[in-house]
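# would you be able to build a 3D model of this:
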Amino acid sequence: MAQTSAPAVVKNVVLVHGAWADGSSWNKIIPLLEKKGFHVSAVHLPFTTLAEDAAAVKRMIAIQDGPVLLVGHSYGGAVITEAGDDPKVVGLVYVAAFAPDQGQSAGDLNNQYPPPSGGKEVRPDANGFLQLTEKGVGEDFAQDLTAAEKRIAAATQGQVSGPNELGAKITSVAWKTKPTFYIVADQDRMISPELEKKFAEQMHAKTIHIASSHVPMLSHPIQVADFITSAVADFMTSAAGAQ
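Just a heads-up that it's a prediction; the model follows:
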């Protein structure tokens with residue numbers, strides 16, 4: 001008799017931060033997921049080009065032992081869209097994140113809606129790299145964090161290459177072939193919540209709403225960690241049903 005093998009257990013979660021952040025933006029999520037038995041890795045994007053950011057994610061995927069759930073926040077959603085076609089990736093979780101289609105950029109998409117207030121606090125340097133003002137971090141990026149957390153977020157932010165990252169066009173659209181999950185941040189002042197809902201709808205993603213700023217993984221970590229866990233459970237159930 002033919003034997004069917006059980007679907008591989010998903011234990012690896014790779015986290016991809018967004019613009020004006022680094023891997024520490026997942027510091028509250030990592031211990032929650034590890035307590036649930038996951039092996040968690042947080043990528044540090046080089047913030048040079050979209051292609052190099054995606055390559056950094058692919059290197060992290062390559063060293064994982066087994067299937068991977070890929071999670072992206074903000075601009076990190078564009079990165080996981082580009083990098084998520086890797087055969088190890090079993091699903092994509094977008095956290096208040098961009099989900100561009102072929103030939104689109106994160107910057108293109110953000111211009112489709114009235115600009116959120118956070119955009120007024122972006123400052124370029126002489127080379128075109130972008131940072132948020134401390135006011136922008138405190139009032140628009142992370143308005144629901146404590147004063148001390150806002151200060152850390154401002155101090156640890158990266159410098160984003162506007163044209164080479166936010167303006168870079170997607171060439172590979174992983175969400176068209178992978179199960180997708182989306183967290184809409186209903187009080188987001190960096191990406192329009194209406195745009196986030198549009199992303200979730202176009203991907204037919206399983207979606208939840210959190211009444212948070214642009215950084216729900218910091219202001220509502222338990223809800224975000226539970227949603228990531230449920231994404232793994234959904235994939236495992238679907239995979240088992242397909243056997």
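
# tell me which strands and helices the least confident helix or strand in the chain by mean pLDDT is in contact with?
Of all helical and strand segments in the chain, the minimum by mean pLDDT, DSSP states H and E falls on helix 106-110, at a mean of 87. The helices and strands touching helix 106-110, judged by 3 or more Cβ pairs under 8 Å, 6 or more residues apart in numbering; DSSP states H and E, number zero. Placement of C-beta: from N, CA and C, glycine included.

# tell me the helix or strand right after it.
Next helix or strand after helix 106-110 toward the C-terminus (DSSP states H and E): strand 122-124.

# low-scoring stretches of this structure, by residue?
The chain contains residues with pLDDT under 70 at 1-7, 242-243.

# where along the protein do the helices fall?
Applying DSSP state H to the chain gives helices spanning 29-35, 50-62, 76-83, 106-110, 134-136, 147-155, 193-203, 216-219, 221-241.

# residues in contact with the residue nearest to the spatial centre of the chain?
With distances taken as Cα atoms, centre = their mean, the chain has Gly72 as the residue nearest its mean C-alpha position (1.6 Å). Contact analysis of Gly72 by Cβ atoms under 8 Å, 6 or more residues apart in numbering lists 16, 18, 78-81, 92-95, 97.

# if we can go back for a sec, any chance of the helices of the chain in CSV, with distance to Ile183 and mean neighbour count too?
Converted to CSV, the helices of the chain look like this (distance: least, Cβ to Cβ, whole Å; neighbours: other Cβ atoms under 10 Å):
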stretch, distance to Ile183, mean neighbour count
helix 29-35, 12, 17
helix 50-62, 19, 19
helix 76-83, 10, 30
helix 106-110, 17, 20
helix 134-136, 22, 17
helix 147-155, 18, 15
helix 193-203, 8, 18
helix 216-219, 6, 26
helix 221-241, 6, 17
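
# wait, which of the contacts of Gly72 is closest to Ser238?
Nearest to Ser238 out of these is Leu92 (Cβ to Cβ; 14.1 Å).

# any idea how far Ala51 is from the closest one?
Plainly put, Leu92 is 19 Å away from Ala51 if you go by Cβ to Cβ, to the nearest Å.

# swap in Ala83?
Counting by Cβ to Cβ, the gap from Ala83 to Ala51 is 10 Å.

# cool, Gly84 as well?
Computed as Cβ to Cβ, the Gly84 to Ala51 distance reads 14 Å.

# got it, and Ala185?
In terms of Cβ to Cβ, Ala185 sits 27 Å off from Ala51.

# got a list of what Glu139 touches?
Glu139 sits in contact with 117, 121, 189, where contact means Cβ under 8 Å, 6+ apart.

# not counting its neighbours along the chain, what's nearest the last one?
Just to be clear, that refers to Arg189. Leaving aside its sequence neighbours, Arg189 sits nearest to Asp140 (Cβ to Cβ, 6 or more residues apart in numbering; 4.0 Å).

# that neighbour: neighbour count?
Asp140: 22 surrounding residues under other Cβ atoms under 10 Å.

# surely it and Met190 touch.
Yes: counting by Cβ atoms under 8 Å, Asp140 touches Met190, with 6.3 Å between them.

# between these two, which contacts overlap?
The contact sets of Asp140 and Met190 overlap at 116, 118, 214 (Cβ under 8 Å, 6+ apart).

# same question for stretch 171-191: list its buried residues.
Neighbour counts over stretch 171-191 (16 or more other Cβ atoms under 10 Å) mark 173-175, 178-185, 188-191 as buried.
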